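Enquirer: here is my input; please provide its structure:
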Amino acid sequence: MNRFKTPLNVLKRPFTWFRSTRRRNKVFAVIAVLIIGSVLFNQVQAANAKPQYVTKKVERGTIVQLVSETGNVNTAGRVDVPSTATGIIEELYVDNNDTVAIGQNLFKVRSTASDQEKASANATYQNAVSSYTTAVQSKESLDAAMWLKRQAVLDAKNSDNYQNSNTTNPTTKSDYTELEKQSIDNGVVLAEKDFTAAEKKYKEADIAVRAAQAQVTSSLLSYQATQNVIVKAPSDGTVTNLSFKVGDSVSASGGGGASAAVATGATSVSAASGGSAVLTLANLGDYSIKLAINEVDIPKVKVAQSAEISLDAFSGRSFTGLITHVDQVGTNDQGIVTYNVVLDITDPTDAIRPGMTANVDIAVANARNILTVPNSAIKPYQGKKAVQVVDPQTGEPKYIPVEVGIRSPEKTQILRGVALGTEVITALKNSQVPSDSPFGN
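Expert: Reported below is the predicted structural model:
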């Protein structure tokens, strides 16, 4: 009997505590028991409940298939215009939003270079010109020598051909000896080697000429950087991004950019410029967007397709676009291949600014009056696609294989497999309905 007392005493303890405790504790204990009972009851009910499904009928509709990508707004004919000289802006001939023509004066820079710096830059430039001239002359001499070697090859081959066609040596009036034949053959080989060596020297001279030309260009830019300059418009356009004022310092560096006229006494020299842009010329109102499309989507994108454009700066408003260019050769960046696609904004507004972020949806395909189902109804099945319907006899879902067509963000086209009006499963209702339990699902 003693062995049963211990379990009985354990079972009696809660009841003993309940009889002896205060009323408030009894209330809390009853509430806790009810909550735990409710949780257990709901879990049992959910476990035993048959699954319920959300269904949708196969219906006719329109689908527009999209390729979506993000890019930035560009403007046609944008040119950043720097200064060719290092110095102080002495005059500004234009202001923001001014329309200018090619060759029009934009601004004037007074060089801050010392006389010594100017002389040194000029000497470097003159030396570069001299080196270039020497390189050109050397190339011309090597070119002549190369063609002389080429003529020697032809002469040697003519002698070889004559010896192969005749047995008598025209010089000795006797038959060719083996030594004479070997000498003629060796002459061809030596002439070809001499020509190859001469050709190599000529090609090396050509490289030297290009290097000398590059040095002339670089030293000319350095020399121009020490001179006063009036920078002219390299193209037609509207002045933008002009944040400099008279008295501001500007610097020049080598590189591509605008053309400029460098005032050097009575003469002027047209040159390419570099350095930070003083202003930008752009064709405002003619906007385009450049996209990088992945290799999966690029076969769907064609010139003349339309697109819907949304700009972060214009919430709730969209613009239309038209594809004007699609790359044929992709760009590989760390193993990721993309293709550049350019589209024009066909209905721009003056408030659009170059550089704005653009979200683009390209309509690559569309179909009307077709059978459609929600995307959530399409399931993978045996390596293909299928939909699920509720079996009227068992109440269980069963798969029906289907062939699908194009797809939009919401719907998928059904080519065959199910008929109009068929109820297909799109979701499990039980998993979507919140539990009545105070602890959630």
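Enquirer: where does the stretch 201-350 of the chain have low pLDDT?
Expert: 253-275 (pLDDT under 70).
Enquirer: for the helix ranked longest in the chain, the distance to its chain's centre please.
Expert: For the chain, the longest helix by residue count, based on DSSP state H, is helix 115-165. Distance, stretch centre to chain centre, for helix 115-165: 44 Å (Cα atoms, centre = their mean, to the nearest Å).
Enquirer: now that helix: mean pLDDT?
Expert: The pLDDT scores in helix 115-165 average 90.
Enquirer: following that helix, which helix or strand comes up?
Expert: helix 178-224 (DSSP states H and E).
Enquirer: how about the residue lying closest to Gln104 once chain neighbours are set aside, what does it touch?
Expert: Nearest residue to Gln104 in three dimensions, chain neighbours excluded: Ala233, at 4.6 Å (Cβ to Cβ, 6 or more residues apart in numbering). Any C-beta I mention is one placed from the backbone N, CA and C, and that applies to glycine too. By Cβ atoms under 8 Å, 6 or more residues apart in numbering, the contact set of Ala233 is Val81, Val100, Ala101, Ile102, Gly103, Gln104, Asn105, Leu106, Ala258, Leu281.
Enquirer: PyMOL command to pick out the buried ones of those?
Expert: Of the contacts of Ala233, the buried ones can be selected in PyMOL as follows, counting by 16 or more other Cβ atoms under 10 Å:
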select buried, resi 81+100+106+258+281
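Enquirer: which of the contacts of Ala233 fall within strands?
Expert: Val81, Val100, Asn105, Leu106, Leu281 (DSSP state E).
Enquirer: check whether the fourth one really touches Glu91, as I assumed.
Expert: No. At 9.7 Å, Leu106 and Glu91 do not qualify as touching, with contact defined as Cβ atoms under 8 Å.
Enquirer: Val73 touches Asp286, doesn't it?
Expert: No. Using Cβ under 8 Å, Val73 is not in contact with Asp286; the gap is 11.1 Å.
Enquirer: so which of those two has more stuff around it?
Expert: Val73 (21 against 13; other Cβ atoms under 10 Å).
Enquirer: which residue packs closest to the more buried one, ignoring adjacent ones?
Expert: Nearest one to Val73, counting by Cβ to Cβ, 6+ apart, is Met356 at 4.5 Å.
Enquirer: next, work out how far apart the one you found and Asn72 are.
Expert: Distance, Met356 to Asn72, using Cβ to Cβ, to the nearest Å: 7 Å.
Enquirer: so these two - more neighbours on which side?
Expert: Applying other Cβ under 10 Å to Met356 and Asn72 shows that Met356 carries more neighbours, namely 17 against 12.
Enquirer: list the contacts for the more buried one?
Expert: Taking Cβ under 8 Å, 6+ apart as the test, what Met356 contacts is Asn72, Val73, Leu311, Asp312, Ala313.
Enquirer: please report the distance of the third one from Pro354.
Expert: Taking Cβ to Cβ as the criterion, Leu311 is separated from Pro354 by 12 Å.
Enquirer: joint contacts of the two?
Expert: Val73.
Enquirer: so between those two, which is more surrounded?
Expert: Leu311 (20 against 17).
Enquirer: settle this for me: the more buried one is touching Gly355, isn't it.
Expert: No. Counting by Cβ under 8 Å, Leu311 sits too far from Gly355 to count as a contact (10.9 Å).
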